[in-house]
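K.L.:
sequence and predicted model, in that order:
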Amino acid sequence: MQFEWLVQGGYKGFYARNTSRLDPKIVNDIHKRGGTILGTSRGGHDTSKIVSSIEDRSINQVYIIGGDGTQKGADCIYEELRRHGMKVAVAGIPKTIDNDIDVIDKSFGFDTAVEEAQRAINAAHTEAESIENGIGLVKLMGRYSGYIAHYATLASRDVDCCLIPEVPFYLEGEGGLYDFVHHRLRENGHMVIVVAEGAGQELMAESLDLLNGSIDASGNRLLHDIGLWLCQKLKDHFADRKEILNIKYIDPTYMIRAIPSNAADNVYCTLLAHSAVHGAMAGYSGFTVGPVNGRHAYIPIHRVTEKQRCVNTSDRMWARLLSSTNQPGFLQYEKVMEAKRKKEASKFLKISDANDKRDSNNSTGQNGTSGVH
Ligand SMILES: Nc1ncnc2c1ncn2[C@@H]1O[C@H](COP(=O)(O)OP(=O)(O)OP(=O)(O)O)[C@@H](O)[C@H]1O
Ligand SMILES: O=P(O)(O)OC[C@H]1O[C@](O)(CO)[C@@H](O)[C@@H]1O
């Protein structure tokens with residue numbers, strides 16, 4: 001191999017002439033550092049400019065590291081190179097703390113994020129049990145998939161309720177979050193709630209009458225802050241009932257992403273790198289590397305990017321969480337809302353019946369006929 005380039009600043013680094021030569025000294029200790037020496041960005045994927053840059057530099061192997069969006073970008077590059085008849089190996093390496101990349105067992109960075117989240121949850125638990133009616137509320141990353149919150153909850157065992165984007169929850173009424181909080185505080189005097197940043201977005205939008213959220217440069221939904229909103233809703237609810245509540249809110253979102261990868265992820269990263277280079281050297285292209293049922297494989301990128309992986313709330317791992325937290329299933333949301341609508345309708349009917357009766361009584365009195373009252 002002649003030499004390798006480092007393309008910096010994400011996809012636009014290909015054509016923003018933002019590249020540097022890869023020298024082994026530069027990567028010597030990157031496994032001990034957080035973040036990325038390449039630099040990253042959102043948006044900026046101009047396929048034709050990227051392919052022209054690959055051609056200009058006579059690059060014949062491209063290793064692309066990132067989440068599901070990055071892998072989609074890699075597939076666009078692979079397909080464009082094929083259309084140009086260019087023999088370039090394109091290898092995707094899955095990296096995101098969200099673990100939302102389909103087909104592979106898990107993504108690089110996920111284990112580290114779950115491990116780091118323990119520190120925040122432990123702090124929340126310590127704070128909550130140190131004060132009357134204490135709630136430790138922790139917001140974790142996971143814009144569409146709640147895997148970090150799910151596995152951090154299972155690992156911690158100190159979490160009373162885990163809220164993820166895949167399970168729409170509601171606050172009021174039977175089976176709602178308020179009921180559960182009162183029950184748990186009466187039972188234990190304190191509790192910990194873990195909420196993924198992508199949870200409850202519809203509920204918030206409905207309650208704050210927010211327009212549909214805007215998107216970032218890559219087209220990802222920009223989220224409303226569910227952590228602060230939930231804190232305020234709980235505070236208002238308890239204040240209305242003149243009951244004591246002490247919420248300790250912890251938002252470690254970037255902390256769990258910025259730390260150096262742990263030992264398990266370091267080993268995993270090495271396997272991904274070896275697998276990607278072996279695949280490219282063997283002449284494969286258009287593949288994402290990763291373990292499938294424990295065995296490292298080359299998966300066509302378009303298969304990996306067909307859909308984003310979300311928590312399967314009907315599988316055993318979610319059931320294990322529910323049995324560990326004993327939280328509400330929040331599954332009757334539609335039924336509860338239907339019951340609420342019916343209750344309001346019957347209340348309205350009662351009021352209108354009463355009005356009709358009163359009016360008819362009044363009219364009977366006025367016509368002089370007596371009635372038994
Ligand atoms: N469908 C697509 N086609 C081409 N490029 C894409 C596509 N989706 C995303 N990209 C590009 O891939 C890059 C990374 O995408 P994105 O910002 O969504 O992050 P990601 O790879 O999904 O990582 P994470 O989930 O960790 O944020 C961006 O430059 C974005 O423009
Ligand atoms: O750095 P940004 O653009 O705020 O990205 C935050 C998003 O990136 C992720 O951490 C995935 O890498 C998501 O969990 C989170 O919503």
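P.N.:
It's in. Here the structure is a predicted model, which is why all the values come from computation and not from measurement. Ligands and ions are numbered 1, 2, ... in the order given.

K.L.:
who in this structure is up against ligand 2?
P.N.:
By Cβ under 6 Å from any ligand atom, the residues of the chain that approach ligand 2 are R42, G67, T96, I97, D98, M141, G142, R143, E197, D216, R257. (Each C-beta comes from the backbone N, C-alpha and C, glycine too.)

K.L.:
ok, now with 5 Å
P.N.:
Within the chain, the positions lying close to ligand 2 (Cβ under 5 Å from any ligand atom) are T96, D98, M141, R143.

K.L.:
so which of those residues reach ligand 1?
P.N.:
Okay, of the residues of the chain next to ligand 2 touching ligand 1 (Cβ under 5 Å from any ligand atom), that's T96.

K.L.:
ok, so of the residues of the chain next to ligand 2, who is nearest ligand 1?
P.N.:
Nearest to ligand 1 among the residues of the chain next to ligand 2, counting by Cβ to the nearest ligand atom, is T96 at 3.6 Å.

K.L.:
and the closest one, how many neighbours?
P.N.:
As a burial measure, T96 scores 22 neighbours (other Cβ atoms under 10 Å).

K.L.:
and it, what pLDDT?
P.N.:
For T96, the model assigns a pLDDT of 96.

K.L.:
what is the neighbour count of the residue nearest to it when sequence neighbours are not counted?
P.N.:
If the residues on either side of it in the chain are set aside, T96 comes closest to G67, at 3.3 Å by Cβ to Cβ, 6 or more residues apart in numbering. Each residue near G67 was counted by other Cβ under 10 Å, and the total is 20.

K.L.:
re earlier: let's have the residues of the chain next to ligand 2 in a markdown table, adding secondary structure.
P.N.:
Listed next are these as a markdown table, based on DSSP: H, G, I helix; E, B strand; the rest coil:
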| residue | secondary structure |
| --- | --- |
| T96 | coil |
| D98 | coil |
| M141 | coil |
| R143 | coil |
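
K.L.:
contacting residues for the residue nearest to T96?
P.N.:
Contacts for G67 were tallied using Cβ atoms under 8 Å, 6 or more residues apart in numbering; they are P94, K95, T96, D98, D100, I101, S107.

K.L.:
mind pulling up the phi and psi values for the second one?
P.N.:
The one in question is K95. Dihedral pair for K95: phi -140, psi 110, per degrees, to the nearest 10.

K.L.:
okay, now it: neighbour count?
P.N.:
Neighbours around K95, by other Cβ under 10 Å: 22.

K.L.:
that one pairs with what?
P.N.:
Beta-bridge pairing for K95 (DSSP bridges): F108.

K.L.:
right, and it touches K106 too?
P.N.:
No. Using Cβ atoms under 8 Å, K95 is not in contact with K106; the gap is 11.2 Å.

K.L.:
the helices in the chain, which residues?
P.N.:
24-27, 47-56, 68-83, 110-128, 147-156, 177-188, 201-208, 226-240, 255-258, 263-281, 301-304, 316-325, 333-366 (DSSP state H).

K.L.:
hey, which of these is tucked in deepest?
P.N.:
Highest mean neighbour count of the helices of the chain: helix 147-156, a mean of 24 (counted as mean count of other Cβ atoms under 10 Å).

K.L.:
what's the angle from that helix to helix 110-128?
P.N.:
60 degrees (axes from the mean of the first three to the mean of the last three Cα atoms, to 10 degrees).

K.L.:
and helix 147-156, what other elements does it pack with?
P.N.:
Judged by 3 or more Cβ pairs under 8 Å, 6 or more residues apart in numbering; DSSP states H and E, helix 147-156 is in contact with helix 110-128, strand 134-140, strand 161-163, strand 190-196, helix 316-325.

K.L.:
mind putting the ones you listed into a markdown table with distance to I30 and mean pLDDT?
P.N.:
Formatted as a markdown table, the helices and strands packed on helix 147-156 follow (distance: least, Cβ to Cβ, whole Å; pLDDT from 0 to 100):
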| stretch | distance to I30 | mean pLDDT |
| --- | --- | --- |
| helix 110-128 | 14 | 98 |
| strand 134-140 | 25 | 98 |
| strand 161-163 | 33 | 98 |
| strand 190-196 | 28 | 98 |
| helix 316-325 | 32 | 97 |
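
K.L.:
how about those in JSON lines, adding distance to ligand 1?
P.N.:
What follows is the helices and strands packed on helix 147-156, written out as JSON lines (distance: least, Cβ to the nearest ligand atom, whole Å):
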{"stretch": "helix 110-128", "distance to ligand 1": "11"}
{"stretch": "strand 134-140", "distance to ligand 1": "14"}
{"stretch": "strand 161-163", "distance to ligand 1": "20"}
{"stretch": "strand 190-196", "distance to ligand 1": "13"}
{"stretch": "helix 316-325", "distance to ligand 1": "21"}
